[in-house]
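Q: Predicted structure and sequence below. I'll ask about it afterward.
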Amino acid sequence: MSRTDGTPRGSSGPRLDPHSPWFTVLLGALVTLASFATDMGLPVLAETARSLGVTPGAAALTLSVFMAGFAVGPLVSGPLSDHFGRRPVLLTGCAMFACFGALGAFSRSLSALLVWRTLMGIGAGGCQVLVLAVVRDLFTGAEARVKQSYVNLAGGVAPIIAPTLGIAVATLGGWRAIYATLAVVGTALLTIAWIGLVESAKRGVPGALTVRGVLGDYVRVLRHPVAFGYVLVIALNFGSLFAYVSGSSLVLIGLLGVSGRMYGILFALTSLGLMVGAVTSARLSAGGVSQGRLIRAGLAVIVLSSLVLLALTLAGWLRAPALVGLVIVGFVGQGIVRPNAAQGALEPMSTIAGVASAVMSGTQMLVGAIASALVAALFDGRSALAITGIMAGCACASALVYARLVRPAEARRRVNVPEPA
């Protein structure tokens, strides 16, 4: 039963201490499921296509349907977790990932594999969004931002090691072994979470779970200037990041003549920027640096690095070292902004943190998809302007939202002036 006395439900029994490093490791592992499920399979798409008797383009749909499921999962898991608790919904997500990963390993047709991949994505999306809600439930202030930073650190590590791990696993057992490995990982996390995770939600949302009530919760988040302002900050920064991710091979290999092997190394180096930013955010938050100062500094780094990239592109001076170096600098800013803005979005939404996390995830996916589509539509094969222009546009828009929407709304809250409806 839910409790309203401020203590988590289901808190009895041996559980991981939320303040322990192992608890943070578990949360970090849960958010990497999507990265491993996508990046491990990238090197073996051609092998998958041959095995199933389809074209490589058709096999690439396994990535598209996974991301579609990943986008849908939070929209369902968030409201359910606010009503029934984080733990059962998160465990269900882990179980889905493990079960449908195992079924994927035995798929005999592309259509079956696409179904299992979609359901895996729904499970992974639910896990990722609920990790954010769990942090919001259990921590506040600087401690929450430290936890969010270390969770983001795990998200930066996964893309670096996942493709190499995928090649190693496929060498031993082919593409099916990758799905089997993902199923084993999902089962292990399900077991650890079952044993170690406490129910973090302090109370369920009162009343029956209805479509009208869920939609009302979503509207509440969308109309809250601080919460949704931070959601937009995160989403626009993700759009800037994803514009580079989706167009990096077009520029580095197609325009700047980087080899495929070197491209993999350079791509891994950019992920290090996210890791450095996450560690920096954690250390400075623990040292007492305020959320606002960290966000302003991070946004300044992102905007300046993207504008320099745009200027170099317009001047015709863009080269691979400058591109990668400035992207790494910008990604450091991303690693600083994201955990602080995420906590800023969730802090006012204590009773519906699951819905708020879902709005954050969904908006981020939408803006990322738009940025990626614009890169694909505008890239002309002669200039990197489509990529660097979108990066700069998203970065500047994010800073503008923070300056014109979030900060004034926070100032009104501090002086207890009613916010606009």
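A: Now that the structure is in, tell me what you want to look at.
Q: what helix or strand does R176 sit in?
A: When elements are assigned from DSSP states H and E, R176 belongs to helix 141-196.
Q: name the helices or strands packed onto that helix?
A: When contacts are defined as 3 or more CB pairs under 8 Å, 6 or more residues apart in numbering; DSSP states H and E, helix 141-196 sits against helix 21-31, helix 33-39, helix 45-52, helix 86-105, helix 110-138, helix 260-286, helix 320-346. In this view, the C-beta of every residue, glycine as well, is placed from N, C-alpha and C.
Q: out of those helices, which comes closest to L182?
A: Nearest of the helices and strands packed on helix 141-196 to L182, taken as CB to CB: helix 86-105 at 4.1 Å.
Q: Can you give me the buried ones in the closest one?
A: Neighbour counts using 16 or more other CB atoms under 10 Å place 86-87, 89-105 of helix 86-105 among the buried residues.
Q: Averaged pLDDT, stretch 161-168. What do you get?
A: Per-residue pLDDT over stretch 161-168 has a mean of 82.
Q: Name the residues that touch it?
A: Under the criterion CB atoms under 8 Å, 6 or more residues apart in numbering, residues 35-36, 38-44, 178, 264 lie in contact with stretch 161-168.
Q: Which pair in those has the greatest spatial separation?
A: I178 and G264 (17.6 Å).
Q: Who has more neighbours out of those two?
A: I178 (28 against 16; other CB atoms under 10 Å).
Q: gap between that one and V157?
A: Applying CB to CB, to the nearest Å, the value for I178 to V157 is 18 Å.
Q: again, but for H83
A: Noted for H83: a distance of 33 Å to V157, by CB to CB.
Q: Next: V337.
A: According to CB to CB, V337 and V157 sit 19 Å apart.
Q: next structured bit after the helix or strand of the chain with the lowest mean pLDDT?
A: For the chain, the helix or strand with the lowest mean confidence is helix 56-59, at a mean of 82 (criterion: mean pLDDT, DSSP states H and E). Downstream of helix 56-59, the next assigned helix or strand under DSSP H and E is helix 61-84.
Q: If you count neighbours, what's buried in that following helix?
A: Applying 16+ other CB under 10 Å to helix 61-84 flags 61-63, 65-84 as buried.
Q: Low-confidence ranges, the protein, go.
A: 1-14, 203-208, 415-421 (pLDDT under 70).
Q: same thing but 50
A: Filtered on pLDDT under 50, the chain yields the residue ranges 1-13, 417-421.
Q: What residues does G298 make contact with?
A: Neighbour list for G298: 277, 281, 333-337, 340 [criterion: CB under 8 Å, 6+ apart].
Q: ok, L250 - contacts?
A: L250 neighbours (CB under 8 Å, 6+ apart): 375, 379, 381, 387.
Q: Distance check, the residue lying closest to the last one once chain neighbours are set aside against G292.
A: This means I387. Sequence neighbours aside, G247 is the residue nearest to I387 in space, at 3.9 Å (criterion: CB to CB, 6 or more residues apart in numbering). Relative to G292, G247 is positioned 32 Å away (CB to CB).
Q: These two: who's more crowded?
A: G247 (25 against 14).
Q: Distance check, that one against A180.
A: 33 Å.
Q: Please verify my assumption that W116 contacts R108.
A: No. Between W116 and R108 there is no contact under CB atoms under 8 Å: 11.6 Å.
Q: follow-up on the earlier one: with neighbour count added, can I get the contacts of G298 in JSON lines?
A: Formatted as JSON lines, those follow (neighbours: other CB atoms under 10 Å):
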{"residue": "G277", "neighbour count": "30"}
{"residue": "S281", "neighbour count": "30"}
{"residue": "G333", "neighbour count": "27"}
{"residue": "Q334", "neighbour count": "26"}
{"residue": "G335", "neighbour count": "28"}
{"residue": "I336", "neighbour count": "30"}
{"residue": "V337", "neighbour count": "28"}
{"residue": "N340", "neighbour count": "30"}
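Q: Specify which member of these is nearest to Y150.
A: Closest to Y150, out of all of these and judged by CB to CB, is S281, at 9.2 Å.
Q: May I ask you to confirm that that closest one is in contact with R145?
A: Yes. Under the criterion of CB under 8 Å, S281 makes contact with R145 at 6.9 Å.
Q: Wait, G239 touches L366, no?
A: No. Here G239 does not reach L366: they are 9.2 Å apart, not a contact under CB under 8 Å.
Q: Give me the more crowded residue out of these two.
A: Each of G239 and L366 has its neighbours counted (other CB under 10 Å); G239 has more, 25 against 14.
Q: ok, that one - contacts?
A: 367-368, 370-371, 390, 394.
Q: would you turn those residues into JSON lines with neighbour count?
A: Below are the contacts of G239 laid out as JSON lines (neighbours: other CB under 10 Å):
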{"residue": "V367", "neighbour count": "24"}
{"residue": "G368", "neighbour count": "22"}
{"residue": "I370", "neighbour count": "16"}
{"residue": "A371", "neighbour count": "27"}
{"residue": "I390", "neighbour count": "26"}
{"residue": "C394", "neighbour count": "27"}
